[in-house]
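S.K.: please find the sequence and the predicted model below.
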Amino acid sequence: GQQVMQIPQYQHVQEGEDFTTYCNSSTTLSNIQWYKQRPGGHPVFLIQLVKSGEVKKQKRLTFQFGEAKKNSSLHITATQTTDVGTYFCAGRPGSNTGKLIFGQGTTLQVKP
Amino acid sequence: ETGVTQSPTHLIKTRGQQVTLRCSSQSGHNTVSWYQQALGQGPQFIFQYYREEENGRGNFPPRFSGLQFPNYSSELNVNALELDDSALYLCASSKGQGASGANVLTFGAGSRLTVL
């Protein structure tokens, strides 16, 4: 079946270091979304990418959607303790479906 | 703007019992999706409701069923509970149907179900 794989599963960084999580789909996606879940919380929407090769930035966060629309990445520059949480990518496999397939997430720990 | 609210927040059931979880969608949203999130995993799509009808279903057995009401609120029912049903059940509301209108999900805080 359709799968979205995310690596790494965990990442520990020193505050100020950069962080990247990668997302790969077994099938072409119509779009991809990224969510952040704080410990004990619920997923909160960060961004959506729709176009092949799209790059979007939100302050220190940079999101990319691959040319083949099967992979994506989230890069955080100069991490802060407030970046702690689990980052999920979620792909939409078709243009006429409400189903989102979530990756297993990357949990980021930031040491002050 | 009221967000997505879910009830109950926590509940404990025994194997074989039935459970109903409730969700009120965010104001202005007409679509509700339900996800199951096991500990340490990503949310797994159960199903979506639009205009009171099921609009897409994930790989869950028929004992998982749902309803959407005219005010767009929703229920998730699980019959014959199994130990593996222990998880956080997340409701998410959105605008539109399918991929139209971006369909960005607004999640509730979830209902944590423990099956003993």
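M.R.: Thanks, I have it. Numbers count the residues shown, from 1 in each chain, chains lettered A, B, ... in the order given.
S.K.: closest point of chain A to chain B, which residue?
M.R.: residue A:102 (3.5 Å; CB to the nearest CB). Heads up, the C-betas are built off the backbone N, CA and C, glycines and all.
S.K.: what residues sit buried inside stretch A:31-46?
M.R.: A:31-37, A:42-43, A:45-46 (16 or more other CB atoms under 10 Å in any protein chain shown).
S.K.: state the pair within those that is farthest apart.
M.R.: The distance between the two most remote of the buried residues of stretch A:31-46 (CB to CB) is 21.1 Å, for A:31 and A:42.
S.K.: how close does the residue of chain B found nearest chain A sit to residue B:5?
M.R.: Nearest residue of chain B to chain A: residue B:42, at 3.5 Å (CB to the nearest CB). To residue B:5, residue B:42 is 23 Å away according to CB to CB, to the nearest Å.
S.K.: which of those two has more neighbours?
M.R.: Legend: neighbour count by other CB atoms under 10 Å in any protein chain shown for residue B:42 and residue B:5, higher for residue B:42 (22 against 15).
S.K.: helix/strand/coil for the more buried one?
M.R.: coil (DSSP: H, G, I helix; E, B strand; the rest coil).
S.K.: residue B:26 is in contact with residue B:72, correct?
M.R.: No: look at residue B:72 against residue B:26 with CB atoms under 8 Å: they stay out of range, at 9.0 Å.
S.K.: shared neighbours, the two?
M.R.: Residues touching both residue B:72 and residue B:26 by CB atoms under 8 Å, 6 or more residues apart in numbering or on different chains: residue B:93.
S.K.: for chain B, give me the ranges with low pLDDT.
M.R.: B:1, B:97-102 (pLDDT under 70).
S.K.: give me the most central residue, it.
M.R.: Central residue of chain B (CA atoms, centre = their mean): residue B:34, 2.7 Å from the mean position.
S.K.: name the nearest residue to it, sequence neighbours excluded.
M.R.: Nearest residue to residue B:34 in three dimensions, chain neighbours excluded: residue B:46, at 4.3 Å (CB to CB, 6 or more residues apart in numbering or on different chains).
S.K.: contact residues of chain B facing chain A?
M.R.: Taking CB under 8 Å from any CB of the partner chain as the criterion, chain B approaches chain A at residues B:31, B:33, B:35, B:40-45, B:48, B:50, B:55-56, B:58-59, B:90, B:94, B:97-99, B:102-110.
S.K.: ok, residue 65 - contacts?
M.R.: Went with chain A since none was named. Counting by CB under 8 Å, 6+ apart, residue A:65 touches A:32, A:49-55, A:71-72.
S.K.: could you do chain B instead?
M.R.: By CB under 8 Å, 6+ apart, residue B:65 lies in contact with B:76-79.
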